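**Student:** Here is a sequence together with a model predicted from it:
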Amino acid sequence: MFLFCFRGVIDAEDQFMSTAILAAMRSRDPKFQVGACIVNKDNVIVGIGYNGMPGGRDDAFSWGKDKNEYG
């Protein structure tokens, strides 16, 4: 958990980037944690997401960092 000590109002772009960064923290991938915040033309958040396995399948993939033939 973290706390912000901020005075004033943040602009919309900073809010959207902060939302994406926070969403990325939900990823269990130890190497690439990616978050997204989708915003419409009226600056309304319409979607938030992060990289991961399909719902209920997080334990089906090891998320290991072991080298293999693909990386």
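**Tutor:** Looks like it came in fine.
**Student:** From residue 57, how far out is the residue most central in space within the chain?
**Tutor:** Nearest to the geometric centre of the chain sits residue 24, at 1.9 Å (CA atoms, centre = their mean). Applying CB to CB, to the nearest Å, the value for residue 24 to residue 57 is 19 Å. Yep, even glycine has a C-beta here, placed from its N, CA and C like the rest.
**Student:** and if you look at residue 27?
**Tutor:** As judged by CB to CB, residue 27 and residue 57 stand 14 Å apart.
**Student:** quick one: which of those two has more around it?
**Tutor:** residue 27 (19 against 9; other CB atoms under 10 Å).
**Student:** which one is that one nearest to, not counting chain neighbours?
**Tutor:** residue 33 (4.2 Å; CB to CB, 6 or more residues apart in numbering).
**Student:** give me every residue that touches the one you found.
**Tutor:** Applying CB atoms under 8 Å, 6 or more residues apart in numbering, one finds that residue 33 lies in contact with 24, 25, 27, 50, 51.
**Student:** Thanks again, I'm all set now.
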